[in-house]
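**Student:** Fold the following.
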Amino acid sequence: MKNLLLLIALLALLPYRSLAQQRCNFTTDGSGKSLGLKIKFTTACNWKEEASKGNTIKTLGLNGDDYALVEMISLAKTTNPPTVDELVSAGYYKKDAEKNGTYLWGNKLKVDGQDCAEVALKLKKTVMFLDLYSYILRYIFYYNGVAVSVSFLVSAQNDKDAAAGFNANKAFFRSLVLGTDVLN
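**Tutor:** Residues are numbered from 1 along each chain as shown. Here you go, the predicted structure:
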(Lines give C-alpha, C1' and ligand atoms only; values in the text may rest on other atoms or scores of the structure.)
Protein backbone atom coordinates (compact mmCIF):
# COMPACT_ATOMS: atom_id res chain seq x y z
CA MET A 1 0.00 0.00 0.00
CA LYS A 2 2.87 2.37 0.88
CA ASN A 3 4.51 1.78 -2.53
CA LEU A 4 1.19 2.34 -4.31
CA LEU A 5 0.75 5.73 -2.63
CA LEU A 6 4.30 6.71 -3.58
CA LEU A 7 3.68 5.67 -7.20
CA ILE A 8 0.42 7.66 -7.34
CA ALA A 9 2.18 10.72 -5.88
CA LEU A 10 4.99 10.47 -8.46
CA LEU A 11 2.55 10.02 -11.35
CA ALA A 12 0.57 13.05 -10.19
CA LEU A 13 3.73 15.18 -10.37
CA LEU A 14 4.91 14.03 -13.84
CA PRO A 15 2.70 16.32 -15.94
CA TYR A 16 3.97 19.30 -13.97
CA ARG A 17 7.69 18.65 -14.27
CA SER A 18 8.11 21.39 -16.91
CA LEU A 19 6.27 23.86 -14.67
CA ALA A 20 9.11 23.64 -12.16
CA GLN A 21 11.46 25.43 -14.58
CA GLN A 22 12.78 28.74 -13.34
CA ARG A 23 11.33 31.83 -14.96
CA CYS A 24 13.19 34.95 -16.10
CA ASN A 25 12.00 38.25 -17.53
CA PHE A 26 12.90 39.90 -20.81
CA THR A 27 11.76 43.53 -21.18
CA THR A 28 11.74 45.56 -24.39
CA ASP A 29 12.84 49.18 -24.06
CA GLY A 30 10.70 50.68 -26.84
CA SER A 31 13.60 51.25 -29.24
CA GLY A 32 14.51 49.53 -32.52
CA LYS A 33 12.62 46.28 -33.12
CA SER A 34 10.51 47.03 -30.01
CA LEU A 35 8.48 49.42 -32.21
CA GLY A 36 7.85 51.84 -29.35
CA LEU A 37 6.51 49.17 -27.00
CA LYS A 38 7.76 48.43 -23.52
CA ILE A 39 6.66 44.89 -22.66
CA LYS A 40 7.88 42.47 -20.03
CA PHE A 41 7.88 38.89 -21.30
CA THR A 42 8.36 35.86 -19.05
CA THR A 43 10.72 33.21 -20.44
CA ALA A 44 12.35 29.99 -19.24
CA CYS A 45 15.76 30.77 -17.66
CA ASN A 46 17.50 27.57 -18.76
CA TRP A 47 16.71 27.95 -22.48
CA LYS A 48 19.58 29.18 -24.65
CA GLU A 49 19.32 32.34 -26.72
CA GLU A 50 19.47 31.78 -30.48
CA ALA A 51 19.75 34.14 -33.45
CA SER A 52 16.62 36.16 -34.18
CA LYS A 53 15.65 37.28 -37.67
CA GLY A 54 13.11 39.69 -39.15
CA ASN A 55 10.38 40.78 -36.73
CA THR A 56 11.54 38.28 -34.11
CA ILE A 57 13.08 40.11 -31.17
CA LYS A 58 13.97 37.07 -29.04
CA THR A 59 14.47 33.39 -29.83
CA LEU A 60 15.20 30.82 -27.15
CA GLY A 61 15.69 27.07 -27.46
CA LEU A 62 16.25 23.91 -25.48
CA ASN A 63 17.24 20.51 -26.85
CA GLY A 64 15.90 17.58 -24.88
CA ASP A 65 16.51 13.88 -25.31
CA ASP A 66 13.40 13.24 -27.42
CA TYR A 67 12.38 16.67 -28.68
CA ALA A 68 13.47 20.29 -29.06
CA LEU A 69 11.67 23.37 -27.71
CA VAL A 70 11.78 26.87 -29.22
CA GLU A 71 10.19 30.14 -28.09
CA MET A 72 9.98 33.09 -30.48
CA ILE A 73 8.81 36.58 -29.49
CA SER A 74 7.92 38.81 -32.44
CA LEU A 75 6.59 42.33 -32.93
CA ALA A 76 5.23 43.64 -36.24
CA LYS A 77 3.47 46.85 -37.25
CA THR A 78 -0.03 46.19 -38.50
CA THR A 79 -2.67 48.47 -40.01
CA ASN A 80 -5.65 46.16 -40.50
CA PRO A 81 -5.27 43.21 -38.13
CA PRO A 82 -7.69 40.30 -38.04
CA THR A 83 -9.91 40.10 -34.97
CA VAL A 84 -9.14 37.64 -32.19
CA ASP A 85 -12.29 35.73 -33.25
CA GLU A 86 -10.84 35.40 -36.76
CA LEU A 87 -7.44 34.34 -35.43
CA VAL A 88 -8.87 31.47 -33.37
CA SER A 89 -10.99 30.11 -36.22
CA ALA A 90 -9.94 27.08 -38.25
CA GLY A 91 -10.81 28.93 -41.46
CA TYR A 92 -8.10 31.54 -40.86
CA TYR A 93 -5.42 28.81 -40.98
CA LYS A 94 -7.04 26.62 -43.63
CA LYS A 95 -4.69 27.62 -46.46
CA ASP A 96 -1.54 27.05 -44.39
CA ALA A 97 -2.89 23.88 -42.78
CA GLU A 98 -3.71 22.31 -46.16
CA LYS A 99 -0.12 22.84 -47.26
CA ASN A 100 1.81 22.06 -44.13
CA GLY A 101 -0.28 20.58 -41.35
CA THR A 102 -3.35 20.63 -39.17
CA TYR A 103 -5.19 23.26 -37.16
CA LEU A 104 -5.72 21.76 -33.67
CA TRP A 105 -7.61 24.45 -31.75
CA GLY A 106 -8.07 28.13 -31.09
CA ASN A 107 -8.99 29.82 -27.81
CA LYS A 108 -9.49 33.37 -26.65
CA LEU A 109 -7.90 34.58 -23.44
CA LYS A 110 -6.65 37.78 -21.81
CA VAL A 111 -2.99 38.70 -21.50
CA ASP A 112 -2.50 41.71 -19.23
CA GLY A 113 -6.04 42.83 -20.08
CA GLN A 114 -5.54 42.47 -23.84
CA ASP A 115 -7.70 40.13 -25.94
CA CYS A 116 -5.37 37.37 -27.09
CA ALA A 117 -5.65 34.43 -29.48
CA GLU A 118 -4.17 31.06 -28.54
CA VAL A 119 -3.79 28.83 -31.59
CA ALA A 120 -2.37 25.31 -31.79
CA LEU A 121 -1.11 23.79 -35.04
CA LYS A 122 0.54 20.52 -35.99
CA LEU A 123 3.02 20.46 -38.88
CA LYS A 124 5.04 17.84 -40.72
CA LYS A 125 7.93 18.87 -42.92
CA THR A 126 10.68 16.99 -44.68
CA VAL A 127 14.09 18.58 -44.18
CA MET A 128 17.07 16.99 -45.91
CA PHE A 129 15.30 13.63 -46.27
CA LEU A 130 14.21 13.61 -42.61
CA ASP A 131 10.63 14.00 -41.45
CA LEU A 132 10.23 16.65 -38.77
CA TYR A 133 7.05 16.74 -36.68
CA SER A 134 6.20 19.98 -34.92
CA TYR A 135 3.49 21.28 -32.65
CA ILE A 136 3.11 25.05 -32.41
CA LEU A 137 1.29 27.01 -29.74
CA ARG A 138 1.00 30.66 -30.82
CA TYR A 139 -0.31 33.60 -28.82
CA ILE A 140 -1.18 36.84 -30.62
CA PHE A 141 -2.52 40.15 -29.35
CA TYR A 142 -2.49 43.70 -30.70
CA TYR A 143 -1.36 46.83 -28.89
CA ASN A 144 -0.90 50.35 -30.31
CA GLY A 145 -0.84 49.13 -33.93
CA VAL A 146 1.64 46.32 -33.21
CA ALA A 147 1.01 42.60 -33.43
CA VAL A 148 2.62 40.93 -30.42
CA SER A 149 3.27 37.23 -31.04
CA VAL A 150 4.75 34.65 -28.70
CA SER A 151 5.15 31.23 -30.32
CA PHE A 152 6.30 27.94 -28.86
CA LEU A 153 7.46 25.10 -31.08
CA VAL A 154 8.02 21.49 -30.05
CA SER A 155 9.78 19.38 -32.71
CA ALA A 156 10.94 15.78 -32.99
CA GLN A 157 11.77 13.22 -35.65
CA ASN A 158 8.58 11.30 -34.87
CA ASP A 159 5.07 12.41 -34.07
CA LYS A 160 4.88 10.45 -30.81
CA ASP A 161 7.83 12.33 -29.23
CA ALA A 162 6.68 15.71 -30.59
CA ALA A 163 3.14 15.17 -29.23
CA ALA A 164 4.50 14.01 -25.85
CA GLY A 165 6.74 17.07 -25.57
CA PHE A 166 3.90 19.37 -26.57
CA ASN A 167 1.48 17.84 -24.06
CA ALA A 168 4.08 17.93 -21.27
CA ASN A 169 4.82 21.63 -21.86
CA LYS A 170 1.68 23.38 -23.11
CA ALA A 171 0.54 24.44 -19.60
CA PHE A 172 4.06 25.81 -18.98
CA PHE A 173 3.93 27.73 -22.28
CA ARG A 174 0.60 29.29 -21.33
CA SER A 175 1.91 30.24 -17.89
CA LEU A 176 4.85 32.06 -19.52
CA VAL A 177 2.54 34.05 -21.79
CA LEU A 178 0.18 34.92 -18.95
CA GLY A 179 3.19 36.52 -17.24
CA THR A 180 3.42 39.15 -20.01
CA ASP A 181 2.93 42.77 -18.90
CA VAL A 182 2.46 45.75 -21.21
CA LEU A 183 4.36 48.59 -19.53
CA ASN A 184 3.37 51.59 -21.69
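**Student:** Show me what secondary structure element comes after the worst-scoring helix or strand of the chain on mean pLDDT.
**Tutor:** When the helices and strands of the chain are scored by mean pLDDT, DSSP states H and E, helix 2-13 comes last with a mean of 40. As assigned by DSSP states H and E, the chain's next helix or strand after helix 2-13 is strand 23-27.
**Student:** what does the longest helix belonging to the chain contact?
**Tutor:** Looking across the chain with DSSP state H, the single longest helix is helix 159-178. With contacts defined as CB atoms under 8 Å, 6 or more residues apart in numbering, helix 159-178 is touched by 15-19, 21, 23, 41-44, 64, 66-67, 69, 71, 109, 111, 116, 118, 120, 124, 133-135, 137, 139, 150, 152, 154-156. In short, each C-beta sits where N, CA and C put it, glycine included.
**Student:** What about these, which are in strands?
**Tutor:** 23, 41-44, 69, 71, 109, 111, 116, 118, 120, 124, 133-135, 137, 139, 150, 152, 154-156 (DSSP state E).
**Student:** Next, the contact list for the residue nearest the centre of the chain, please.
**Tutor:** Geometric centre of the chain, nearest residue: residue 152, 2.5 Å, by CA atoms, centre = their mean. Applying CB under 8 Å, 6+ apart to residue 152 gives the contacts 69, 70, 71, 136, 137, 138, 169, 170, 173.
**Student:** between those residues, which is closest to residue 85?
**Tutor:** Ranked by distance to residue 85 (CB to CB), the contacts of residue 152 are led by residue 138 at 15.6 Å.
**Student:** Retrieve the pLDDT associated with the closest one.
**Tutor:** The confidence metric pLDDT takes the value 96 at residue 138.
**Student:** can you check residue 21 too?
**Tutor:** Note on residue 21: pLDDT of 73.
**Student:** Name the nearest residue to it, sequence neighbours excluded.
**Tutor:** residue 44 (5.0 Å; CB to CB, 6 or more residues apart in numbering).
**Student:** hang on, isn't the one you found packed against residue 60?
**Tutor:** Yes. Between residue 44 and residue 60 a contact is recorded at 6.8 Å, counting by CB atoms under 8 Å.
**Student:** Mutual contacts of those two, please.
**Tutor:** By CB under 8 Å, 6+ apart, residue 44 and residue 60 have these common neighbours: residue 71.
**Student:** Go through stretch 66-80 and flag the buried ones.
**Tutor:** Within stretch 66-80, the residues that count as buried by 16 or more other CB atoms under 10 Å are 67, 68, 69, 70, 71, 72, 73, 74, 75.
**Student:** mind putting these in CSV, distance to residue 102 and pLDDT included?
**Tutor:** Formatted as CSV, the buried residues of stretch 66-80 follow (distance: CB to CB, whole Å; pLDDT from 0 to 100):
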residue, distance to residue 102, pLDDT
67, 18, 93
68, 20, 94
69, 20, 94
70, 19, 95
71, 21, 95
72, 20, 97
73, 24, 97
74, 22, 97
75, 27, 97
